[in-house]
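1. Any chance you can model this:
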Amino acid sequence: MNISLNVLTNLGIMILTGIFMGRLMKFLGFPNVTGYLLGGMLLGPYLLPALGSPVSVLSEGFVNGISVITDVALGLIAFAVGGQLHFSYMKKAGRASVILALFESAAASVCVTLALILTGNDLRMALILGAIAAATAPAATILVVQQYHARGPVTELLLEVVALDDITALLLYSVFAAVIRHFGAEGKQILSTILREVLKFAEGFVLGLLLAVIMLFVLRFFRRKSNRMALVCGFLFLGIGIAQRLGLNSLIVCMVMGTAVANLSAEAGEILEAADPIAAPVFVLFFVASGAGLPITLLRSVGGIGIVYILSRIAGKTLGTMLGGAVTGTDRRQCLYLSPCLLPHAGIAIGLTLAAGSILPEHASDIRAIVLTGILICELIGPAVTRISLKRAGEISPSP
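-> So this is what the prediction gives:
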């Protein structure tokens, strides 16, 4: 049974619970985002009932019904990640970032796919789960970096890699999904489907670039921070909405907008920070909602497959980072510190999990159970592992 409250009351409780749990976790030495997730689990419809409580604060219907918060949060995250991709820096370190992202995401995909096939799972489900496994959650990473004011070569490399490997995950998913839809079809039909998916990525890129150029032009006539915040958020919301309407990937659109701002405007820092006031409560709501939507009972239902998924993903990320580092000549110690920071797994992975249900409806519940269990574990320990790794790299001050 759920406590019957209106929408605004629920949202207020979510923000306050997230903030207080975040502060508690910070006091205990964990990143704030861990507290947000735990706060969501305490409010959600799964944890307390599983422990014997007759009531929960948030219903399953309410948690599933606030998807707009997820859309906005992921858009803001993509915008922020795109803002880190400065071409001037990418010319110096870009080759390493791109190759590392390709190696670690591809290795995670291959390791998960092979591990699931070898343990007797359906080939199509293994391919989809392999593509989803490539994604890293940039939101958790960015919050840890911001909270602890991490600065240094590993941090810079990390922010670039998490942006790029989510693009790789989206590409892998699009290709695998096209292949699965046409299992047994002729090669030409599969190729045409893949080309259509590539075209959608190109259309999303063009839309993001166009909106960014228009936004930068309009911002020239507005100098107050409040007006700029409203305009940046307005263009981001517009980009997300148009992308959804046209069937494009809104994350690509927002990421391109951030990248365009970072490289085309002399006021990039001020513009990228304009959305921070609204981003703070949205991020809290997003992570609390993510925690509330993670069914604890899934841990019992997925059994060994979930463990195989998690361990093979970790192995793939580690192996891919070390191989990519060897190819690019990146310092081995930097690679050792980088690979644990790629553990967080949410954001895009959640969206791809939901999309996978329409491609493989007969395996939809299994895919959801496996991925969400992986997200539950990785999101709870991932931020803390990221903090420890960056601190060992000497890029977090002793008193953040």
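
2. so residue 120, which of the three states?
-> Assigned by DSSP: H, G, I helix; E, B strand; the rest coil, the conformation of residue 120 is coil.

3. How much space separates it from residue 129?
-> Using C-beta to C-beta, to the nearest Å, we find residue 120 at a distance of 14 Å from residue 129. From N, CA and C alone the C-beta is placed, and that goes for glycine too.

4. which of these two has more neighbours?
-> Between residue 120 and residue 129, counted using other C-beta atoms under 10 Å, residue 129 has the larger neighbour count: 31 against 8.

5. quick one: secondary structure of that one?
-> Under three-state DSSP, residue 129 comes out as helix.

6. Likewise for residue 221?
-> coil.

7. number of nearby residues for it?
-> Neighbours of residue 221 under the rule other C-beta under 10 Å: 8.

8. go on, residue 205?
-> Residue 205: 18 surrounding residues under other C-beta under 10 Å.

9. swap in residue 247?
-> Counted with other C-beta under 10 Å, residue 247 comes out at 9.

10. ok, now residue 172?
-> Neighbour tally, residue 172, other C-beta under 10 Å: 24.

11. Isn't it up against residue 134?
-> Yes: between residue 172 and residue 134 there is a contact at 5.6 Å, judged by C-beta atoms under 8 Å.

12. got any residues that touch both of these two?
-> 105-106, 109 (C-beta atoms under 8 Å, 6 or more residues apart in numbering).

13. so which of those is the most crowded?
-> For these, counting by other C-beta under 10 Å, the largest number of neighbours falls to residue 105: 30 neighbours.

14. And it, which helix or strand is it part of?
-> helix 87-118 (DSSP states H and E).

15. helices or strands next to that helix in the packing?
-> Contacts defined by 3 or more C-beta pairs under 8 Å, 6 or more residues apart in numbering; DSSP states H and E place helix 87-118 against helix 123-133, helix 153-181, helix 298-328.

16. Make TSV out of the ones you listed and add mean pLDDT and distance to residue 142.
-> Formatted as TSV, the helices and strands packed on helix 87-118 follow (pLDDT from 0 to 100; distance: least, C-beta to C-beta, whole Å):
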stretch	mean pLDDT	distance to residue 142
helix 123-133	90	20
helix 153-181	77	7
helix 298-328	87	18
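
17. So which of the ones you listed is the most surrounded?
-> helix 123-133 (a mean of 25; mean count of other C-beta atoms under 10 Å).

18. Following element in sequence after it, please.
-> Assigned by DSSP H and E, the successor of helix 123-133 is helix 138-147.

19. For that following helix, buried residues please.
-> For helix 138-147, burial by neighbour count (16 or more other C-beta atoms under 10 Å) applies to 138-145, 147.

20. I'd say residue 25 and residue 19 touch.
-> No: Residue 25 is beyond contact range of residue 19, at 11.0 Å (criterion: C-beta under 8 Å).

21. on that earlier part again, now do the same for the helix holding residue 105: mean pLDDT, whole number.
-> Averaged across helix 87-118, pLDDT comes to 83.

22. Out of the helices and strands packed on helix 87-118, flag the one nearest residue 218.
-> Of all the helices and strands packed on helix 87-118, it is helix 153-181 that lies closest to residue 218, at 25.5 Å by C-beta to C-beta.

23. hang on, the earlier thing: out of the helices and strands packed on helix 87-118, nearest to residue 55?
-> Nearest to residue 55 among these is helix 298-328; the distance by C-beta to C-beta comes to 21.2 Å.

24. Which strands and helices lie in contact with the helix or strand following the closest one?
-> The helix or strand immediately downstream of helix 298-328 is helix 332-338, counting by DSSP H and E. With contacts defined as 3+ C-beta pairs under 8 Å, 6+ apart, helix 332-338 has these neighbours: helix 153-181, helix 298-328, helix 364-392.

25. could you redo the last one with a cut-off of 10 Å?
-> In this structure, helix 332-338 packs against helix 87-118, helix 153-181, helix 298-328, helix 364-392, with contacts taken as 3 or more C-beta pairs under 10 Å, 6 or more residues apart in numbering; DSSP states H and E.

26. Show me what counts as buried in it.
-> By 16+ other C-beta under 10 Å, the buried positions in helix 332-338 come out as 334-338.

27. With stretch 251-267 instead?
-> The neighbour-count check on stretch 251-267 (16+ other C-beta under 10 Å) flags 251-263, 265 as buried.

28. got it, and stretch 383-396?
-> Of all the residues in stretch 383-396, those buried under the rule 16+ other C-beta under 10 Å are 383-387, 389-391, 393, 395-396.

29. which one of those residues is nearest residue 61?
-> So of the buried residues of stretch 383-396, ranked by how close each gets to residue 61 (C-beta to C-beta), first place is residue 383, at 28.5 Å.
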